[in-house]
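1. Below: sequence and its predicted model.
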Amino acid sequence: MFKIDTEDFIFEVTEELSCYEEIGKKGAEGWAEGFRRWLKEKKKGVKEVSLKDESDIFEIADEYLEALEEGNTTAYWKRFSLKK
């Protein structure tokens, strides 16, 4: 388990998402906006994110891609959690 600054976490996830042809830079920015909204609603004032390891970033990216393909990002954010 390790902690990462929230802005660094957002950067890492958006970088990973940008690599997906189906998502690209614009889609990655959409995730970042959604995450900031989620963070504001659920985790007010959090400065760091705890991750099990780097694979958490890949899981988050994969789950978001799946939500986009299903056209259901609303459900993605409802079930989104940083605790696995």
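-> Yep, that arrived.

2. what helix or strand is residue 3 on?
-> Mapping residue 3 onto the secondary structure by DSSP states H and E places it in strand 2-5.

3. wait, what's in contact with residue 57?
-> Contacts here follow Cβ atoms under 8 Å, 6 or more residues apart in numbering; on that basis residue 57 touches 9, 12-13, 16, 51. C-beta coordinates here come from the backbone N, C-alpha and C atoms, glycine included.

4. Please repeat the previous calculation with a cut-off of 7 Å.
-> Residue 57 makes contact with 12-13, 16 under the criterion Cβ atoms under 7 Å, 6 or more residues apart in numbering.

5. Give me the contact list for the longest helix along the chain.
-> Ranked by residue count and defined by DSSP state H, the top helix of the chain is helix 24-42. By Cβ under 7 Å, 6+ apart, the surrounding residues in contact with helix 24-42 are 10, 13-14, 17-18, 46, 64, 68, 73, 77, 80.

6. With pLDDT, secondary structure and neighbour count as new columns, can the residues you listed be given to me in a markdown table?
-> Listed next are the contacts of helix 24-42 as a markdown table, based on pLDDT from 0 to 100; DSSP: H, G, I helix; E, B strand; the rest coil; neighbours: other Cβ atoms under 10 Å:
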| residue | pLDDT | secondary structure | neighbour count |
| --- | --- | --- | --- |
| 10 | 97 | helix | 19 |
| 13 | 97 | helix | 21 |
| 14 | 97 | helix | 19 |
| 17 | 96 | helix | 25 |
| 18 | 96 | helix | 17 |
| 46 | 82 | coil | 13 |
| 64 | 96 | helix | 25 |
| 68 | 93 | helix | 18 |
| 73 | 94 | helix | 16 |
| 77 | 95 | helix | 17 |
| 80 | 93 | coil | 17 |
